[in-house]
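Colleague: Build me a model:
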Amino acid sequence: MHDAIRTAALAYQPTDLPALHGKFLDAYGVAGWADLPATEPYLWRHLAYHLLAAGRRAELGATETSALLDYRYLRAKLEATDANALLADCDAYLAGGDDEPIRLLRSALELSAHVLAEDKGALAGQLVGRLMTWRKDNPKIRALTDQIVASVGGLYPADLDSRYATHEQAGGALLRTLAGHEDEVEGALALGDGRLLSWSADRTLRLWEEDRTPLAVLRGHEGVVRGALALGDGRLLSWSRDRTLRLWGEDGAPLAALEGHADWVFGALALGDGRLLSWGGRTLRLWGADGAPIDALEQDYYRGDRAAISAWAARHGYSLADLYPPEEIDPLMAGGRVAKVGRAALRLYHPQTGEHVHTFYGDAEFGTGPVVLDGGRIVAVGDKVGRVLILRWHSGDGAAS
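Modeller: Numbering: from 1, shown residues only. The predicted structure follows:
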């Protein structure tokens, strides 16, 4: 409706829009914007827009009596809306040029947003506490904090100009605190649309709006959530100590539980064709894009024998480069076979089938860099007593020397 009326007004009188905004504002007949009735939700949300469009920016934040530097207005707007609406007013004003008092006020409000979401009555204490160190050098901040203390008695019996600030100060490195998790936060990531996803030892994940208000709590895991990632189609994938992975819709709705791991799930990734790879305990597991199980590879430990992993990956159409970053890939493959050392053993695997072909046993612990030569017929490997062993593979009878 608002947009329709605006379009009609522009068509009727397109050259004098600022005057129309001014008439709209004057029609409210209030002595100050702090006196706007709580029953005017539209203007509480959009006052900054109309003031700026009317060319009346000064009423928003330029002087000590402007709306954003009037504690009465800040308190009344918070009661009528929320902290993000106050932040939007600050952003609208700052879009016209930097202004230190409004920038500091915005920082104090953002730092306090998680507190104000639970207790709007904490506004006075939050603002005064977070602006203490700026009183000395900024007359507008001093005037605002003095006004707050005069309006709310007994806030700070101690000296407001003390160098010992009671809160995290505005204008610093910390921008905002997102509160809601009930245990240690294990990680977070930024989604492509500006939202945030976090996960925690409280067994949940949480989605946060672009303005950092809570959007959804993702429940389903029964253990610490170890990690999560966003898939290319907008879905979310998480994994946990409860031995499962879970797929979630873009909005956080549960889609599927991926079960099969016998131990904690330590990690996962999305492969280029949409399939999913996870690892945990002694197992790697391959899943379809919809979470359906495809195959599993048992290992000595979850990212253990790269040679066997390489062969297993090749059988499913991947290479080690699809599964690991370059710095983690050992030069294991050459000449049509894959080689991997153990303490006093060197194992060969078929690169396509993953079948264990042969194991060479030595009398001392091998080093970590086998080299496959001569089309796969010779393997050179060092051992821990300083020798280089040359091993020849006889493909006819399966023997080695």
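Colleague: Pull the residues that contact stretch 222-236.
Modeller: 186-187, 189, 191-192, 197, 199-201, 203-205, 218, 237-243, 247-250, 252, 255, 264-270, 274 (CB atoms under 8 Å, 6 or more residues apart in numbering). Backbone N, C-alpha and C define where each C-beta goes, glycine included.
Colleague: Those residues in strands, which ones?
Modeller: 186-187, 189, 197, 199-200, 205, 218, 237-240, 247-248, 255, 267-270 (DSSP state E).
Colleague: Show me where the chain dips below the pLDDT cut-off.
Modeller: Residues of the chain meeting the criterion pLDDT under 70: 1-15, 156-158, 299-307, 320, 323-358, 360-401.
Colleague: just the helices in it please.
Modeller: 2-12, 17-26, 41-53, 58-61, 71-80, 83-94, 100-116, 123-131, 139-151, 306-315, 320-323 (DSSP state H).
Colleague: Could you pull out the buried residues of the third one?
Modeller: Buried positions in helix 41-53, judged by neighbour count with 16 or more other CB atoms under 10 Å: 43-48, 50-53.
Colleague: so what's Ala62 up against?
Modeller: Asp99.
Colleague: Tell me how far it lies from Ile102.
Modeller: According to CB to CB, to the nearest Å, Ala62 stands 9 Å off from Ile102.
Colleague: Mind listing the residues bridging to Leu236?
Modeller: Ala230, Trp248 (DSSP bridges).
Colleague: Count residues in the vicinity of it, would you?
Modeller: Using other CB atoms under 10 Å, Leu236 has 24 neighbouring residues.
Colleague: so how far is Thr213 from it?
Modeller: Leu236 is 19 Å from Thr213, by CB to CB.
Colleague: Ok, Ala58 next?
Modeller: 30 Å.
Colleague: can you list contacts of stretch 193-201?
Modeller: 178, 181-191, 205-210, 212, 215, 224-228, 230, 236, 238.
Colleague: let's see it at 7 Å
Modeller: Residues outside stretch 193-201 that contact it (CB atoms under 7 Å, 6 or more residues apart in numbering): 181, 183-191, 205-210, 215, 224-225, 228, 236, 238.
Colleague: And stretch 216-234, what's buried?
Modeller: 216, 218, 220-221, 224-230.
Colleague: hang on, the earlier thing: okay, the helices of the chain in CSV with distance to Ile294 next?
Modeller: Below are these laid out as CSV (distance: least, CB to CB, whole Å):
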stretch, distance to Ile294
helix 2-12, 50
helix 17-26, 61
helix 41-53, 51
helix 58-61, 59
helix 71-80, 53
helix 83-94, 44
helix 100-116, 43
helix 123-131, 53
helix 139-151, 61
helix 306-315, 11
helix 320-323, 14
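Colleague: Tell me how this protein divides into domains.
Modeller: 2-151, 189-304, 328-401 (automatic domain parsing).
Colleague: Out of those domains, which is closest to Tyr318?
Modeller: The closest of the domains of the chain to Tyr318 is domain 189-304. By CB to CB, the value is 6.6 Å.
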